[in-house]
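Participant: sequence plus the predicted model coming up.
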Amino acid sequence: MSIIVDHVNYIYGEDTPLAVAALKDVCLQFPDGQFVGIIGHTGSGKSTLVQHLNGLLKATSGHIYFNGEDIYDRDYDRKKLRSKVGLVFQYPEHQLFEVDVFSDVCFGPKNLGLDRREAELRAYEALRKVGLEEELFYQSPFDLSGGQKRRVAIAGVLAMKPDVLILDEPTAGLDPKGRDEILSQIKRLQTETGMTILLVSHSMEDVAEYVDRIIVMNKGSVMYDDGPREVFRHYKELEEVGLAAPQVTYILHRLKEKGMDVDVSATTVGEAAETVLRALGRR
Amino acid sequence: MLRDITLGQYYQTDSVIHRLDPRVKLGGTLLFILSLFLFDHFTGYLVAVVFLGIVIRLSHVPFRFMVKGMKAILFLLILTVTFNLFLTPGTELVSFWRLRITWEGLAMAVTMAARLTILIIGSSVMTLTTTPNNLTDGMEKMMKPLKLLHVPVHEVAMMMSIALRFIPILLEETDKIMKAQLARGADFESGNIFKRAKAMVPLLVPLFVSAFHRANDLAMAMESRCYRGGEGRTKMKPLIYQRRDRLAYLCIFCYLAVSIILGRLVWLWI
């Protein structure tokens, strides 16, 4: 079970004066159970890339394989692919339409052809997974707060029980508290279910703490594809393409320059504190 | 999918035609369309085609963009041609089964087809070379005299430019919501007409919600910048006729004169 992206190119508005190459010769592999962060500046092609993975956009050239099958094959069932590769769009709360939260979450499983009972069971389970309080289940989705709406929308995709969950900027427009809640819930989901998760973001800070691997996109190409520590080692190059490494990376590098014996590869505040304490000889 | 509508889509490039005052283009297009209905001989259409060809050449817009607009009226075109071809009485040309094609019918069908094609391509030239905002600006200024009759010219123009401004935004929004629902397994393409209509609900509800939100935000933004209608409002780029605009008017009137003489009057004298 894995996704392989093989030399994919994509051009927006082909044959018009506004044609833009959004993806250039992208080759990637997503093995099972990994938590991957896809980082890039606005317009770097990260959203375009993830829309290819569930077949919403068709590559201008190149192939994508899901579990060894070419998704561009003529008889490939793309509707089934979309249930296996769940994609939560940016500002997903804009897709809510039902009279109450519960029926909205049922929409996905019902589209899979499941009977009512099974669909409702899955909806209930998904809503619990995203941590929504039960008394909100039968309210109109339009009456909820921004963070709650977003959780409902994520539950709407989770209820289809995908093998791979892709989240496109799940924290955009949320306050720091809402952001941390959503991200830690996603992390818990990943450890509990062993799902493959792809998290698209433009903020290193967001993903550094949670992911196993970071893919940096720049102008439609893959710039780095490595573990967080290895990627943040290139913090100067990242800055040149308009991205920043987490703040702790900068502090540790400064401390190192001043002659303190710290480990600059720490990516989270916790790790940084540890290495600073050790350097000070307090541990 | 939804982006294939050319009529009313601006093609960005720099050309003499693009730089013309929108009033010239509006007036010119109106006169051009009017002229098409004055001819009773084929040479008139010939002149129109030559004139249109020159304008298209000057506009630097690839010809295939004009043709794209034709797709929308293809059905209408076929319908008109068929009806005219078979239902016009006159001297018989061929007949099979119950259908008769007459000389008059053939002439009428060809004329109609030519008229419609030139008309659509002609108006596409205007919309392809003028931004929607420019166009409404031009309309507002041209219709200013109607203000004396208490027609709310400015308000209508403002509504039109807002509506036009929102078309691409709503198209993009539709595209986004459609994709989001497709990702949730929605199916917009299969089933009978009732099933398909029902499948539109998950698309239309969020679209309306967002359209109302946007309208509300825009109204708020306009009000907080003290918008209070057209009274005493000045323009950042007021429309003033340049030398090239006067020249363009001259060209249009020359075309009108030549085409009417060749398409109508000459044949009266002979």
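Facilitator: In hand now; what should we look at? Numbers count the residues shown, from 1 in each chain, chains lettered A, B, ... in the order given.
Participant: so who does the residue nearest to B:Arg100 when sequence neighbours are not counted touch?
Facilitator: In space, and not counting its chain neighbours, B:Arg100 is closest to B:Glu92: 5.7 Å by Cβ to Cβ, 6 or more residues apart in numbering or on different chains. Placement of C-beta: from N, CA and C, glycine included. The contact partners of B:Glu92, taken as Cβ atoms under 8 Å, 6 or more residues apart in numbering or on different chains, are B:100-102.
Participant: shaky segments in chain B?
Facilitator: Across chain B, residues meeting the criterion (pLDDT under 70) sit at B:1-8, B:267, B:269-270.
Participant: for it, which residue gets nearest to chain A?
Facilitator: With Cβ to the nearest Cβ, the shortest gap between chain B and chain A falls at B:Gly185, namely 3.2 Å.
Participant: neighbours of that residue, just the number please.
Facilitator: For B:Gly185, the neighbour count with other Cβ atoms under 10 Å in any protein chain shown is 20.
Participant: now the one 4 residues further on
Facilitator: As a burial measure, B:Glu189 scores 8 neighbours (other Cβ under 10 Å).
Participant: next one: B:Val94
Facilitator: When counting by other Cβ under 10 Å, one arrives at 9 neighbours for B:Val94.
Participant: so how far is B:Ala107 from it?
Facilitator: For B:Val94, the distance to B:Ala107 (Cβ to Cβ, to the nearest Å) stands at 14 Å.
Participant: next up, phi/psi of the residue nearest to B:Arg100, please.
Facilitator: Listed backbone geometry of B:Glu92 is phi -80, psi 140, with angles given as degrees, to the nearest 10.
Participant: ok, and the closest non-adjacent residue to the residue of the stretch 51-200 of chain A found nearest chain B?
Facilitator: Here the residue of the stretch 51-200 of chain A nearest chain B is A:Asn111; by Cβ to the nearest Cβ that distance is 3.2 Å. With Cβ to Cβ, 6+ apart as the criterion, A:Asn111 has its nearest non-adjacent residue at 3.2 Å, and that residue is B:Gly185.
Participant: equivalent analysis for A:Ala245, please.
Facilitator: Closest to A:Ala245 by Cβ to Cβ, 6+ apart is A:Tyr235, at 3.7 Å.
Participant: now do the contacts for that neighbour.
Facilitator: Contact partners of A:Tyr235, counting by Cβ under 8 Å, 6+ apart, are A:244-245, A:249-250, A:253.
Participant: same check, this time on B:Lys25
Facilitator: With Cβ under 8 Å, 6+ apart, B:Lys25 has these contacts: B:17, B:126, B:129-130, B:138.
Participant: repeat for B:Leu87
Facilitator: So, once contact is read as Cβ under 8 Å, 6+ apart, B:Leu87 ends up touching B:Gly105.
Participant: pretty sure B:Gly217 belongs to a helix, no?
Facilitator: You called it Gly, but residue B:217 is Asp. Yes. Following the definition DSSP: H, G, I helix; E, B strand; the rest coil, B:Asp217 is counted among the residues of a helix.
Participant: tell me, how many residues neighbour A:His234?
Facilitator: Close neighbours of A:His234, defined as other Cβ under 10 Å, add up to 16.
Participant: so who does the residue nearest to it when sequence neighbours are not counted touch?
Facilitator: Using Cβ to Cβ, 6+ apart and skipping the chain neighbours, the partner closest in space to A:His234 is A:Tyr224 (6.4 Å). If a contact means Cβ under 8 Å, 6+ apart, then A:Tyr224 has A:214-216, A:230-231, A:234 as its contacts.
Participant: spatially, which two of those are the most separated?
Facilitator: When the contacts of A:Tyr224 are compared pair by pair using Cβ to Cβ, the farthest-apart members prove to be A:Ile215 and A:His234, with a separation of 13.1 Å.
Participant: for chain A, what spans make up the strands?
Facilitator: Assignment of strands within chain A using DSSP state E yields the ranges A:3-12, A:20-30, A:35-40, A:61-66, A:69-70, A:85-88, A:164-168, A:196-201, A:213-218, A:221-226.
Participant: turn those strands into JSON lines, including distance to A:Gln185 and mean pLDDT.
Facilitator: Converted to JSON lines, these look like this (distance: least, Cβ to Cβ, whole Å; pLDDT from 0 to 100):
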{"stretch": "strand A:3-12", "distance to A:Gln185": "23", "mean pLDDT": "91"}
{"stretch": "strand A:20-30", "distance to A:Gln185": "21", "mean pLDDT": "90"}
{"stretch": "strand A:35-40", "distance to A:Gln185": "13", "mean pLDDT": "91"}
{"stretch": "strand A:61-66", "distance to A:Gln185": "26", "mean pLDDT": "92"}
{"stretch": "strand A:69-70", "distance to A:Gln185": "31", "mean pLDDT": "90"}
{"stretch": "strand A:85-88", "distance to A:Gln185": "13", "mean pLDDT": "92"}
{"stretch": "strand A:164-168", "distance to A:Gln185": "11", "mean pLDDT": "93"}
{"stretch": "strand A:196-201", "distance to A:Gln185": "11", "mean pLDDT": "92"}
{"stretch": "strand A:213-218", "distance to A:Gln185": "20", "mean pLDDT": "92"}
{"stretch": "strand A:221-226", "distance to A:Gln185": "26", "mean pLDDT": "91"}
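Participant: out of the ones you listed, nearest to A:Thr48?
Facilitator: Distances from A:Thr48 to each of those were compared using Cβ to Cβ; the shortest belongs to strand A:20-30, at 4.4 Å.
Participant: paired strands for the closest one, with orientation please.
Facilitator: Strand A:20-30 has these partner strands in its sheet, going by DSSP bridges: strand A:3-12 (antiparallel).
Participant: now the strands: where do they sit in the stretch 1-150 of chain B?
Facilitator: Taking DSSP state E, counting those that start in this stretch, the strands of the stretch 1-150 of chain B run over residues B:92-96, B:99-102.
Participant: reformat the ones you listed as CSV; add distance to A:Asp70.
Facilitator: As requested, the strands of the stretch 1-150 of chain B are exported to CSV (distance: least, Cβ to Cβ, whole Å):
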stretch, distance to A:Asp70
strand B:92-96, 51
strand B:99-102, 51
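Participant: pick the most buried one from those.
Facilitator: For the strands of the stretch 1-150 of chain B, ranked by mean neighbour count under the definition mean count of other Cβ atoms under 10 Å in any protein chain shown, the leader is strand B:99-102 at a mean of 16.
Participant: related to what we said a few turns ago, nearest to A:Glu98, of the strands of the stretch 1-150 of chain B?
Facilitator: The minimum distance between A:Glu98 and the strands of the stretch 1-150 of chain B falls on strand B:99-102, with 53.9 Å, by Cβ to Cβ.
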